[in-house]
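K.L.:
fold the following for me, if possible:
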Amino acid sequence: MTGLQLGDTVFGRNEELSSLKECYRRSVSGKTEFAFISGHAGIGKSFLTYEFGKHVIMSGGIFLAGKFDQLQQGKPFSALAAA
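P.N.:
Next up, the predicted model:
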């Protein structure tokens, strides 16, 4: 049995990761910033969020992430509560 080892780098999402890092840079400068990451299942949203979170934490920041659950559609702030 062979194993598949996945890398720890974001592939194909460098532009999105750069945009998030720029958002963070502006927030450190005193601007209010809020980012939503959305898209279809399986396109790398969670991994992109994880990579961005690592950047924020390594920069000395605080990172919170929440996830909307499609079964909780009647609770509009469920992702914020999860964060």
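
K.L.:
hey, let's count contacts and neighbours off CA atoms from now on
P.N.:
Fine.

K.L.:
measure how buried residue 41 is and give me the count.
P.N.:
8 (other Cα atoms under 10 Å).

K.L.:
how close does it sit to residue 61?
P.N.:
Between residue 41 and residue 61 the computed distance is 28 Å (Cα to Cα, to the nearest Å).

K.L.:
with residue 25 instead?
P.N.:
11 Å.

K.L.:
neighbours of residue 67, how many?
P.N.:
14.

K.L.:
just say helix, strand or coil for it.
P.N.:
Classification of residue 67 by DSSP: H, G, I helix; E, B strand; the rest coil places it in coil.

K.L.:
show me where this structure has strands.
P.N.:
Per DSSP state E, the chain carries no strands over any range.

K.L.:
where does the residue nearest the centre of the chain land on pLDDT?
P.N.:
The structure's the chain has its C-alpha centroid closest to residue 49; by Cα atoms, centre = their mean the separation is 2.0 Å. pLDDT for residue 49: 91.

K.L.:
can you check residue 25 too?
P.N.:
So residue 25 comes in at 96 (pLDDT).

K.L.:
which parts of this protein are helices?
P.N.:
Assigned helices in the chain, in chain order: 14-28, 45-58, 78-82 (criterion: DSSP state H).

K.L.:
can you list the buried residues in the longest one?
P.N.:
Counting neighbours by 16 or more other Cα atoms under 10 Å, one finds that the buried residues in helix 14-28 are 17, 20-21, 23-24.

K.L.:
I'd like the helices of the chain laid out as TSV, including distance to residue 67.
P.N.:
Below are these laid out as TSV (distance: least, Cα to Cα, whole Å):
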stretch	distance to residue 67
helix 14-28	17
helix 45-58	9
helix 78-82	5
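
K.L.:
residue 71: which of these is closest?
P.N.:
In terms of Cα to Cα, the element of the helices of the chain nearest to residue 71 is helix 78-82, at 10.4 Å.

K.L.:
out of the helices of the chain, which gets the lowest mean score?
P.N.:
Ranked on mean pLDDT, the bottom entry among the helices of the chain is helix 78-82, at a mean of 67.
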